[in-house]
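Enquirer: With the input below, show me the fold.
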Amino acid sequence: MTILSQPDLTALPRLPRDPGGPVFAEPWQAQAFALAVKLSEQGHFTWKEWAAALAEELAAAARRGEPDDGFRYYDHWLAALERLVAAKGLAEPAALAARKEAWADAYHHTPHGKPVALK
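Expert: Below is the predicted model of the structure:
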């Protein structure tokens, strides 16, 4: 028999926190988190697969010599999610790259204080 319990959120390494638990510095971080949870809930991948993909991304960052200071945690989260989504055939890598490029272009051409919108 396996008994599932709530994860120990205090064990998460260097995540931004407030008294209620982990918080997000920017909206995209919460969106990436929610997307990973939703895709797992829908059965596209297991949480164990997700954890392995994130662990691989964090290990790759360590091999590149990136500091483990928590500031880029959700960058790694997003990279792991993109890799897993492509591996599962949920999106083509070229489509993901094109979308990222379109967002970067829109961001760089949007006046400060205005919402970023894709054409």
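
Enquirer: mind listing what's buried in the host helix or strand of residue 34?
Expert: Counting by DSSP states H and E, the secondary-structure element that holds residue 34 is helix 27-41. Across helix 27-41, burial judged by 16 or more other Cβ atoms under 10 Å covers 29, 32, 33, 36, 39, 40. Every residue, glycine included, has its C-beta placed from N, CA and C.

Enquirer: Please apply the same query to stretch 80-97.
Expert: For stretch 80-97, burial by neighbour count (16+ other Cβ under 10 Å) applies to 80, 81, 82, 83, 84, 85, 86, 96.

Enquirer: Distance from the helix holding residue 34 to the middle of the chain?
Expert: Chain-centre distance of helix 27-41: 7 Å, with Cα atoms, centre = their mean, to the nearest Å.

Enquirer: Now do whichever helix or strand comes after that helix, average pLDDT.
Expert: Moving toward the C-terminus from helix 27-41, the next helix or strand (DSSP H and E) is helix 47-63. Averaging pLDDT along helix 47-63 gives 94.

Enquirer: Who are the packing partners of helix 47-63?
Expert: helix 27-41, helix 73-87 (3 or more Cβ pairs under 8 Å, 6 or more residues apart in numbering; DSSP states H and E).
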